[in-house]
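coords please:
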Amino acid sequence: MILSQTAVYALKAVMYLAEAQKDTPVRVDDIAEALSVPRNYLSKILHVLGRAGLLESTRGPHGGFCLAGPAEDVLLTDVISHFDDVSETTGCLLGRERCSDSDPCAAHARWKDVSTAVRGFLSETSIEDLAHHGSSTTGATTG
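Next up is the predicted model:
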């Protein structure tokens with residue numbers, strides 16, 4: 001399971017909002033600049049998360065986005081699942097239409113353990129777990 005660029009941007013933005021800990025909403029322009037993410041693309045991502053109830057948005061000159069609830073209540077999978085399929089039925093690493101224990105691809109046995117571990121990490125780790133522990137998301141790069 002490899003995350004799409006959209007899911008990575010969503011995680012970075014939500015973590016940025018958690019780290020900001022501001023009583024006032026953070027403008028899309030400020031988040032986009034801090035994370036080096038295209039503004040319009042980020043705006044669409046944030047609106048998806050807003051419609052999902054993970055973020056609150058405020059319009060107007062002092063508007064922007066903030067977390068809808070405590071960062072400790074938002075799991076990584078809560079954010080990612082709006083952009084990537086992180087379910088147990090995620091497809092074959094090698095792109096086969098059918099891949100299972102009974103009809104495995106060459107990578108199935110080894111990838112199954114890795115995929116299970118990654119899904120566990122995503123479903124057990126909150127934004128709070130990462131936001132204040134380790135390096136800031138503003139300097140993070142993805143590849």
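
Tell me if I'm right that Ser123 and Thr77 touch.
Yes: using CB atoms under 8 Å, Ser123 is in contact with Thr77, at 4.7 Å. (Each C-beta comes from the backbone N, C-alpha and C, glycine too.)

which one of those two has more residues nearby?
Relative neighbour count places Thr77 above the other of Ser123 and Thr77, with 18 against 14, counting by other CB atoms under 10 Å.

ok so that one is a helix residue?
Yes: counting by DSSP: H, G, I helix; E, B strand; the rest coil, one finds Thr77 located in a helix.

residues in contact with it?
By CB atoms under 8 Å, 6 or more residues apart in numbering, Thr77 lies in contact with 86, 119, 122-123.

what do you get for His82?
When contacts are counted by CB under 8 Å, 6+ apart, His82 touches 10, 48-49, 52.

how much space between it and Cys105?
Distance of His82 to Cys105, computed by CB to CB, to the nearest Å: 28 Å.

Same question for Pro61.
To Cys105, Pro61 is 54 Å away according to CB to CB.

Looking at the contacts of Thr77, which one is closest to Asp101?
The closest of those to Asp101 turns out to be Arg119 (CB to CB; 16.4 Å).

what's the closest non-adjacent residue to the closest one?
Nearest residue to Arg119, sequence neighbours excluded (CB to CB, 6 or more residues apart in numbering): Val86, at 6.1 Å.

How many residues are close by the one you found?
The tally of other residues near Val86 (other CB under 10 Å) stands at 18.

What are the neighbouring residues in contact with it?
Contacts for Val86 (CB under 8 Å, 6+ apart) come out as 1, 77, 80, 119, 122-123.

When Pro61 and Cys105 are compared, which one has more neighbours?
Cys105 (15 against 5).

Show me which of the contacts of His82 are buried.
When neighbours are counted using 16 or more other CB atoms under 10 Å, the contacts of His82 contain these buried positions: 10, 48-49.

Just name the closest of those to Ala71, please.
Of all the buried ones among the contacts of His82, Ala71 sits closest to Leu49, with 13.2 Å by CB to CB.

out of everything not next to it in sequence, what's closest to that closest one?
Using CB to CB, 6+ apart, the nearest residue to Leu49 is Leu55, at 4.6 Å.
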